[in-house]
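Peer 1: Turn this into a structure:
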Amino acid sequence: MTPDLELLAEADAAAEHAYAPYSRFHVGAAVRARDGRIVTGVNVENAAYPLGICAEKAAISAAVNAGYGPGDLDAIAITASPCGGCRQWLAEFQVGSVTYRRVEGEPVAVTPADLLPDSFVL
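Peer 2: Modelled structure (predicted):
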C-alpha cells in the first residue's frame, strides 16, 4: 500500500491548529470520504488528560457531523502513529487505508486491520 502524501500534507497543515499546551505535540489528521471530501481534525488537550481528544477522533467526529458514517471514509492521514483507542475508531468506521508517520518520520500506509488485528467491530 502506498502512503497518501497529499492527504498527509493536509494533516500537516491541520496540525498547526492543534491545542497542545501540555505535551507540545501537535497532531493533525485528514480523512477523505469516498465522495472526495476532506475533513480535518487536531488533538485538543485538557489539563485533565483523559478529557483531551486525539486528532483522528476529531476528524472522524467532524466527518460524522457532515453526514458520513462507517464505510464512507476512504482514507485517513495522521501526522503520528494512532493510539490504541484511535485504532479501534479506525476499525469501527471501516476506514480504507491509514497513512501515518513512523517515529523516524517515514510515511507508511496500512489498513485498520494491520493496526488492530482481531478487532471487535459490529
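Peer 1: buried stuff in stretch 100-110?
Peer 2: 100-101, 109-110 (16 or more other Cβ atoms under 10 Å). Heads up, the C-betas are built off the backbone N, CA and C, glycines and all.
Peer 1: Repeat that for stretch 38-52.
Peer 2: 38-45, 52.
Peer 1: May I see those residues organised as TSV, with distance to Ala80, pLDDT and secondary structure added?
Peer 2: TSV is the format used below for the buried residues of stretch 38-52 (distance: Cβ to Cβ, whole Å; pLDDT from 0 to 100; DSSP: H, G, I helix; E, B strand; the rest coil):
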residue	distance to Ala80	pLDDT	secondary structure
Ile38	19	98	strand
Val39	18	98	strand
Thr40	15	98	strand
Gly41	13	98	strand
Val42	12	98	strand
Asn43	9	98	coil
Val44	15	98	strand
Glu45	14	98	coil
Gly52	14	96	coil
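Peer 1: tell me which of those is nearest to Ala66?
Peer 2: Taking Cβ to Cβ as the measure, Val39 is the one of the buried residues of stretch 38-52 closest to Ala66, at 6.1 Å.
Peer 1: From Arg32, how far out is the closest one?
Peer 2: 8 Å (Cβ to Cβ, to the nearest Å).
Peer 1: Quick check, central residue of the chain?
Peer 2: Nearest to the geometric centre of the chain sits Glu56, at 3.1 Å (Cα atoms, centre = their mean).
Peer 1: I'd say that residue and Glu92 touch.
Peer 2: No: contact criterion Cβ atoms under 8 Å: Glu56 and Glu92 do not qualify, at 11.3 Å.
Peer 1: quick check, the residue nearest to the centre of the chain in a strand?
Peer 2: No: if the criterion is DSSP: H, G, I helix; E, B strand; the rest coil, then Glu56 is helix and not within a strand.
Peer 1: thinking again about what came up before, in strands, which of the buried residues of stretch 100-110 fall?
Peer 2: In strands, defined here by DSSP state E, the members of these are 100-101, 109-110.
Peer 1: ok, which pair from those residues is furthest apart?
Peer 2: Longest span within those, Cβ to Cβ: Arg101 and Val110, 12.3 Å.
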